[in-house]
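Enquirer: Here is my input, please return the structure:
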Amino acid sequence: MFKVEILEKVGVPPLTVEASQVVIRLPNGTPVSVAALFGGTEALMVSHADDPDFNENLQKLGINQTVITDKFEIRK
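Expert: Residues are numbered from 1 along each chain as shown. Next up, the predicted model:
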């Protein structure tokens, strides 16, 4: 199991929970990052929306959503 720490505010102790799969979503429900343990604690998968295989990794976790990302260049 993961030890997941949820940080709500700076300086406030985190809320800690155990999980074997974690999905981080935007307020609109779009998944942007996942982490999962497979085979106990022997295999770890971490993926985010910019990874080329992110949608495949969502499917592996049973999440039937497709995420399309755009890249923007921010100039100074």
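Enquirer: Measure how buried the nearest residue to I24 once chain neighbours are set aside is and give me the count.
Expert: Closest residue in space to I24, ignoring its immediate chain neighbours: S33 at 4.2 Å, by Cβ to Cβ, 6 or more residues apart in numbering. C-beta here means a position set from N, CA and C on the backbone, and glycine is covered the same way. Counted with other Cβ atoms under 10 Å, residues neighbouring S33 total 16.
Enquirer: gap between S33 and L61?
Expert: 12 Å (Cβ to Cβ, to the nearest Å).
Enquirer: who touches both of those two?
Expert: V23 (Cβ atoms under 8 Å, 6 or more residues apart in numbering).
Enquirer: Any idea how far apart the tips of stretch 16-36 sit?
Expert: Start and end residues of stretch 16-36 are separated by 17 Å (Cα to Cα, to the nearest Å).
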